[in-house]
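Visitor: here you go, sequence then predicted model.
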Amino acid sequence: MPRWGLLVEQNLGFGGQRRVWSGGVVDHVDGTREEALEVLRQRAEEYRPVHPTSPKRRRLYRERDGFVLVLDGAWQSFHCRFTVIEQLYDSAESKPVPQPEAVPRPPDAREPEQDPRPEPGHPLRPAPMPPTTPASAPAEPRAWDAGVPEVPSWLNRDRPS
């Protein structure tokens, strides 16, 4: 059975320039998406956000994945977004969240390309280092060199000291 996170996003901080949009998971629901949406609706109806401290009016709207709470304060309006999000894994838990069973591929299907992103807790192996040339080997001219010295003569570093 899937696990759903109940995400709440709102403005935190004071003043026009110091506010930040911040979000956090306030609870989890094990069950169907519809059950999670019902719990989220109850949370949204009861929620007391940071701004405004004394709302004059509260309006709750439903959207596809959750709700938006609009609060009118003394001078301006604020809003909070409530969203149902499916938890795929949690690194703090010892066992992964169960996923739906994979659909078998037809026998003539190609192998999927490997995803270059590592699995959680399994970093990518470093790429092999290119072979190095010994210091005594003559350096090959570089295409970008164009005959420009590393230290220009106008720095007066081309004469012996």
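Guide: That came through fine.
Visitor: residues near Pro52, how many?
Guide: 15 (other Cβ atoms under 10 Å). Any C-beta I mention is one placed from the backbone N, CA and C, and that applies to glycine too.
Visitor: wasn't it part of a helix?
Guide: No: read with DSSP: H, G, I helix; E, B strand; the rest coil, Pro52 is coil and lies in no helix.
Visitor: dump the residue contacts of it.
Guide: 71-74, 76, 78 (Cβ atoms under 8 Å, 6 or more residues apart in numbering).
Visitor: just the buried ones from those?
Guide: 71, 78 (16 or more other Cβ atoms under 10 Å).
Visitor: for the contacts of Pro52, which one is nearest Glu46?
Guide: Leu71 (13.3 Å; Cβ to Cβ).
Visitor: could you report the pLDDT at the closest one?
Guide: If you check Leu71, the pLDDT there is 89.
Visitor: now it: closest residue in space that isn't a chain neighbour?
Guide: Pro55 (4.2 Å; Cβ to Cβ, 6 or more residues apart in numbering).
Visitor: now the one you found: how far from Gln76?
Guide: Distance, Pro55 to Gln76, by Cβ to Cβ, to the nearest Å: 11 Å.
Visitor: do Glu35 as well
Guide: 35 Å.
Visitor: so for the stretch of helix or strand Gly5 belongs to, what gets flagged as buried?
Guide: Using DSSP states H and E, the element containing Gly5 is strand 3-12. Residues of strand 3-12 classed as buried by neighbour count (16+ other Cβ under 10 Å): 3-10.
Visitor: how about the helices in the chain?
Guide: 33-46 (DSSP state H).
Visitor: where in this structure is pLDDT low?
Guide: 13-18, 94-161 (pLDDT under 70).
Visitor: perfect, that will be all.
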